[in-house]
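1. Structure of the sequence below:
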Amino acid sequence: MEETREILGRLQEGLRVKNFRDVKAIVSDLHPADALELIGELGTMERVIVFRLLHKQTAAEVFTDLPPDQQSDLLELFTENQTTEIFEEMDPDDRAEVLEEFPAGVVKELLKSISPAERQMTSTLLGYPEQSSGRMMTPEHVEVRPNWTAAQAIEHIRRVGANKEMIYVCYVIGSYRKLKGTVSLKDILLAPEDALISNIMTRKYFSVNTLDDQEEAAQLAKKYDLIAVPVVDQENRLVGIVTIDDLTDIIEAEASEDAYRMAGIAELPESYFNTKTITLFQKRVIWLVLLMIAQTISGGILKHYEATLQAVVALVFFVPMLVGSAGNTATQSATLIIRGLAVGEIDTRSISKIVIRESLMGILIGLLLGVVGGVIAYIMGGDPRLFATVSIAFMITVFVSNLVGALLPLGFKFMKLDPAVSSGPAITTIVDIAGLLIYFSVAHSIFNLSG
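-> Got it, this is the predicted structure:
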């Protein structure tokens, strides 16, 4: 961190005194990730100057990862040649990702600035649905034929590899570009020169369809330790690959999306500090208002049992403890199931096992919390009936909450909805309502109250 601040200080000083030779010397040795961090600290005009001094490939990588508003500001100030250089240098998938953030008119003009071949590749990627594997793939991969020798494959890689995003795994295609298998660069290099690709290739491969959700590609890569996932069309023809850098971005994006939904927040369009305050307000307030309205049901329950509360005032002291424990139990259970669904450890076919397991867990936790809660109630109230009410209500409520927390995400998954939506504030509101109903029903029975 100190080194970064020192480099930033030297960079800003060089820009201030217009010593561009020193500025170029500073930025020329930077890794794209470090350059991105430093450029984020500069003003718009300073960024323009730095971009002019960066190597073309570094500039393209940095521009790809800039927030959309900073990209727009720079494009307005770039010369036509500079814009063309940066967009030509980008990988097709990165270019498509950047362009999808801009209005259609701007995209059309930017596409005009690049070569016809690059324009065609980018337009093809933009034609696939957002968050699909087709949108995330790159067509820059190495293809070999099964009847080639290792020597022919090596010569082919030497000829085309410089312009490919990834060469460590080659894809074996047959007639009509149908995917037949994969072969690693290591196996090709170590094989005898006259060895046929068909004899050293791996015929068992894992692929996704162009229309499959990008998360499926990430799950395949994680499960089978792939550095790239091939993407095929409906006829099993190879059209591209999703590389490891994009796969990690997908995993991060999906994790962030789940975290937002579990907290009852709509997904942010940009990073926290790059999101406008009014946008952040809009993303958070919708769920809060809906959940506040839902909580009026809890108020209605309290009003319905108003006579019970008046007869036994001590009951109200344990409401926060009850609903808090119920919410915590349900959230724990839901988190375990959502995580299991996300990483593929469980699926909707496991529902019977989950019901048995979580029922047992609910009984054990309910018994423990019921005894503890009952003892606390007896110490505070000195009434055996209060002990019985709190204990029984805790046992039933925790059991129900634990089961609801486990089954609700599975229900959402079965309906092809995001299970994360069922967690956090939403599930807490549900178990709050259930907990109050159980609590006052038990109290009403034990204290033998009428009405």
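
2. Please make it C-alpha for all contacts and neighbour counts, starting now.
-> OK.

3. remind me, longest strand of the chain?
-> Criterion DSSP state E: the longest strand present in the chain is strand 166-173.

4. Just checking: what are the partner strands of that one?
-> In the sheet containing strand 166-173, the strands it pairs with under DSSP bridges are strand 141-144 (parallel), strand 179-184 (antiparallel).

5. Make a markdown table out of these and add mean neighbour count, mean pLDDT and distance to Phe318.
-> Putting the strands paired with strand 166-173 into a markdown table (neighbours: other C-alpha atoms under 10 Å; pLDDT from 0 to 100; distance: least, C-alpha to C-alpha, whole Å) gives the following:
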| stretch | mean neighbour count | mean pLDDT | distance to Phe318 |
| --- | --- | --- | --- |
| strand 141-144 | 22 | 95 | 64 |
| strand 179-184 | 21 | 95 | 63 |
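
6. Make TSV out of these and add distance to Arg159.
-> Rendered in TSV, the data for these read as follows (distance: least, C-alpha to C-alpha, whole Å):
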stretch	distance to Arg159
strand 141-144	10
strand 179-184	17
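
7. export the longest strand of the chain as PDB, just CAs?
-> Listed in PDB are the C-alpha atoms of strand 166-173, where the atom choice follows Å, rounded to 0.1, in the frame of the first residue of the first chain:
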ATOM      1  CA  MET A 166      -5.500 -19.200 -24.700                       C
ATOM      2  CA  ILE A 167      -3.300 -21.900 -26.200                       C
ATOM      3  CA  TYR A 168      -2.700 -24.200 -23.200                       C
ATOM      4  CA  VAL A 169      -5.700 -26.400 -24.100                       C
ATOM      5  CA  CYS A 170      -6.500 -27.100 -27.800                       C
ATOM      6  CA  TYR A 171      -9.900 -28.200 -29.000                       C
ATOM      7  CA  VAL A 172     -10.100 -31.200 -31.400                       C
ATOM      8  CA  ILE A 173     -12.800 -30.700 -34.000                       C
END
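
8. Quick one: closest of the strands paired with strand 166-173 to Arg158.
-> Put simply, out of the strands paired with strand 166-173 the one that sits nearest Arg158 is strand 141-144, at 10.4 Å, with distance taken as C-alpha to C-alpha.

9. how far is that closest one from where the chain is centred?
-> For strand 141-144, the distance between its averaged C-alpha position and the chain's averaged C-alpha position is 30 Å (C-alpha atoms, centre = their mean, to the nearest Å).

10. For the helix or strand just after that strand, name the packing helices and strands.
-> Under the assignment DSSP states H and E, the closest C-terminal helix or strand after strand 141-144 is helix 150-160. In terms of contacts (3 or more C-alpha pairs under 8 Å, 6 or more residues apart in numbering; DSSP states H and E), helix 150-160 is packed against strand 141-144, helix 185-190.

11. got the angle for the longest strand of the chain vs helix 150-160?
-> Compare the direction of strand 166-173 with that of helix 150-160 by axes from the mean of the first three to the mean of the last three C-alpha atoms, to 10 degrees and you get 120 degrees.

12. Buried residues, strand 166-173. List them.
-> Buried residues in strand 166-173, counted by 16 or more other C-alpha atoms under 10 Å: Met166, Ile167, Val169, Cys170, Tyr171, Val172, Ile173.
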